[in-house]
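Undergrad: structural data only, the sequence is not supplied:
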Ligand code: DQA
């Protein structure tokens, strides 16, 4: 009997559409479309169903989280700059009662002081930081491990 595939919502917050072009020394030279393609390849390999969205708007991210509350089994999110102050985004994530993994392309802990604080981290299973786009693949593996206890 085959298990129902795990369903994961992957969200990229403000300015992540500029990945590959903005501050490539910090965020890498790979465009977001290439990172998304790698996420999809990893999801196929792991048998995970995914939906991916990037938005520069806090409201759109919140709407998407709410709309997926019954579809998703888990959420992987890089909240971009919203990480550091958006109580509204945090509240939305809490309200849907789904496991959350926070991802950052850069190592936020080795950068400016204000990037070390995340309002999302306390309500997340964990953070993956500093590994560029590969961090999303690590997060998928982590979600699968937690949900299916496969490793
Ligand atoms: C980021 C880190 C944030 O501090 C920053 O505002 C971003 C990108 C990252 O992926 O490293 O937009 O989330």
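TA: Nice, thanks for sending it over. Quick caveat: nothing in here was measured; it's all calculated off a predicted structure.

Undergrad: now do the helices in the protein.
TA: Ranges of helices within the chain are 24-27, 32-46, 58-67, 87-95, 134-148, based on DSSP state H.

Undergrad: now residue 68: closest residue in space that isn't a chain neighbour?
TA: Using C-beta to C-beta, 6 or more residues apart in numbering and skipping residues adjacent in sequence, the residue nearest residue 68 is residue 9, 4.8 Å away. Bear in mind the C-beta positions are built from the backbone N, C-alpha and C, glycine included.

Undergrad: what's the spacing between the residue nearest the centre of the chain and residue 87?
TA: What sits nearest the mean C-alpha location of the chain, by C-alpha atoms, centre = their mean, is residue 77, with 2.2 Å. The gap separating residue 77 from residue 87 is 15 Å, by C-beta to C-beta, to the nearest Å.

Undergrad: re earlier: how about the helices of the chain, which one is nearest the ligand?
TA: Across these, the ligand has its closest neighbour in helix 24-27 (6.2 Å, C-beta to the nearest ligand atom).

Undergrad: returning to that earlier point: ok, now which ones touch the residue nearest to the centre of the chain?
TA: Neighbour list for residue 77: 10-13, 61, 93, 100-103, 120 [criterion: C-beta atoms under 8 Å, 6 or more residues apart in numbering].

Undergrad: now residue 78
TA: Listed by C-beta under 8 Å, 6+ apart, the contact partners of residue 78 are 11-13, 16, 102-105, 136.
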